[in-house]
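Colleague: prediction below, plus the sequence it came from.
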Amino acid sequence: MASVQVGLWVVALLVLLALAFDFMNGFHDAANSIATVVSTGVLKPGQAVLFAAIFNFIAIFVFHLSVAATIGKGLAEPGVVDVNVVFGALVGAISWNFITWYYGIPSSSSHALIGGIVGAVISKAGASALIASSIVKTVIFIFLSPLMGFLLGSLMLIAVSWLLRRSTPSRVDRWFRRLQLVSAGAYSLGHGGNDAQKTIGIVWMLLIATGYSVASDKSPPTWVVLSCYTAIAMGTLFGGWRIVKTMGQRLTKLKPVHGFCAETGGAITLFLAAVLGIPVSTTHTITGAIVGVGATQRASAVRWGIAGNIIWAWILTIPATAFVAAIAYWVSLQIF
């Protein structure tokens, strides 16, 4: 009986840590959903975060839990994951998110979590314990999702510019101030549908590893789904203004039509990834779309030095979080 009580205490602690990561994910990635709609002046910051948080949560009713299944069952071989691996993964991801938030760098919470899982699993059982196909698919989309965002954002702006070539700038601005609410809502929906599921996946992984759920279950417990969607929505509600400034003001100057095109291109990418069960980075996607929209106007419209710093953060995310997670895994062996 005592061992079960200790197990419950450890599991409860790690679930709270996972929800803290989920909250920070929303806080850190609020910029993905609201940077363009704030920088174009369509919504005030307080209105924007509430708007995004609502759509983050509504995603619970829209998307199947395909991404959660990839994280929960698809990254490591059965039997390898335990409380120490989960602890290491979460500490690695949270540490990286805090560092990049502090410096206002839009990095990927998604890839921070995946890097954490990779580092902790390798520390325990070596690289052979990872499921290569899922890792490769995720790494491919590190490069593919921003490219898709870039391409779709650019094509959207080209198409809109051609269709509205005879309209006055004031009329275009007036229409797209309204339409940007639709695109921002769609992007926030995709953000919730992809990112909340990553935390659902790691909590599900934890419950399977500790015997509180079984691998044959087709979906995680309802309380896990509800708590994770609530946590990311609350994180978004509090917002991460350092990153909003980088995304919405420093990369390139945006008007409502540009914000609409960037968000729509990004939302299409996220919807596709959620359907396919691929844990992509919402940060990478919207950054690529914003750069694509800026570059379509003219190459000099993009501050390429800022973009270069962001890309370096992307490259370093998985190795850095894997390293921290490995250390946290060994430390946790002395605790649990």
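Modeller: Yes, it's here. From a predicted model like this one, the values you see are computed outputs, not experimental measurements.
Colleague: pLDDT below threshold where in the stretch 151-300 of the chain?
Modeller: When residues are selected by pLDDT under 70, those of the stretch 151-300 of the chain lie in 239-254, 297-300.
Colleague: one more pass at 80, please.
Modeller: Low-confidence segments of the stretch 151-300 of the chain, defined by pLDDT under 80: 214-216, 239-255, 279, 281-284, 287, 294-300.
Colleague: tell me where it has helices.
Modeller: 169-209, 222-238, 241-245, 256-276, 282-297 (DSSP state H, counting those that start in this stretch).
Colleague: just tell me which of those ends up closest to residue 159.
Modeller: helix 256-276 (8.5 Å; CB to CB). Bear in mind the C-beta positions are built from the backbone N, C-alpha and C, glycine included.
Colleague: show me what that closest one is packed against.
Modeller: helix 2-39, helix 66-73, helix 132-163, helix 169-209, helix 282-297 (3 or more CB pairs under 8 Å, 6 or more residues apart in numbering; DSSP states H and E).
Colleague: if we go to 6 Å?
Modeller: On a contact count with 3 or more CB pairs under 6 Å, 6 or more residues apart in numbering; DSSP states H and E, helix 256-276 meets helix 2-39, helix 132-163, helix 169-209, helix 282-297.
Colleague: tell me the angle that helix makes with helix 282-297.
Modeller: Here helix 256-276 runs at an angle of 140 degrees relative to helix 282-297 (axes from the mean of the first three to the mean of the last three CA atoms, to 10 degrees).
Colleague: list the buried residues for helix 256-276?
Modeller: Counting neighbours by 16 or more other CB atoms under 10 Å, one finds that the buried residues in helix 256-276 are 256-271, 273-274.
Colleague: with stretch 276-287 instead?
Modeller: For stretch 276-287, by 16+ other CB under 10 Å, it's 277-287.
Colleague: can I get those residues in a markdown table with distance to residue 327?
Modeller: Shown next, in a markdown table, are the buried residues of stretch 276-287 (distance: CB to CB, whole Å):
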| residue | distance to residue 327 |
| --- | --- |
| 277 | 30 |
| 278 | 29 |
| 279 | 24 |
| 280 | 27 |
| 281 | 24 |
| 282 | 27 |
| 283 | 25 |
| 284 | 26 |
| 285 | 30 |
| 286 | 31 |
| 287 | 29 |
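Colleague: tell me the one of these nearest residue 180?
Modeller: Relative to residue 180, and with distances defined as CB to CB, the nearest of these is residue 286, at 13.5 Å.
Colleague: surely the closest one touches residue 268?
Modeller: No - Residue 286 lies out of contact with residue 268 (CB atoms under 6 Å); the separation is 11.8 Å.
Colleague: quick one: common contacting residues for the two?
Modeller: Common contacts of residue 286 and residue 268 (CB atoms under 6 Å, 6 or more residues apart in numbering): none found.
Colleague: thinking again about what came up before, just the helices of the stretch 151-300 of the chain: most buried one?
Modeller: Comparing these by mean neighbour count (mean count of other CB atoms under 10 Å), helix 282-297 ranks first with a mean of 28.
Colleague: which strands and helices lie in contact with that helix?
Modeller: Secondary structure elements in contact with helix 282-297, counted by 3+ CB pairs under 6 Å, 6+ apart, are helix 2-39, helix 132-163, helix 256-276.
Colleague: elements contacting the longest one?
Modeller: Applying 3+ CB pairs under 6 Å, 6+ apart, one finds that helix 2-39 makes contact with helix 45-58, helix 83-102, helix 109-125, helix 169-209, helix 222-238, helix 241-245, helix 256-276, helix 282-297.
Colleague: one step back: could I get the helices and strands packed on helix 256-276 as a markdown table with distance to residue 110?
Modeller: Shown next, in a markdown table, are these (distance: least, CB to CB, whole Å):
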| stretch | distance to residue 110 |
| --- | --- |
| helix 2-39 | 8 |
| helix 132-163 | 8 |
| helix 169-209 | 6 |
| helix 282-297 | 7 |
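Colleague: nearest to residue 225, out of those?
Modeller: helix 169-209 (5.8 Å).
Colleague: angle of the closest one against helix 109-125?
Modeller: 20 degrees.
Colleague: identify the residue nearest residue 50 in space, chain neighbours excluded?
Modeller: residue 237 (6.4 Å; CB to CB, 6 or more residues apart in numbering).
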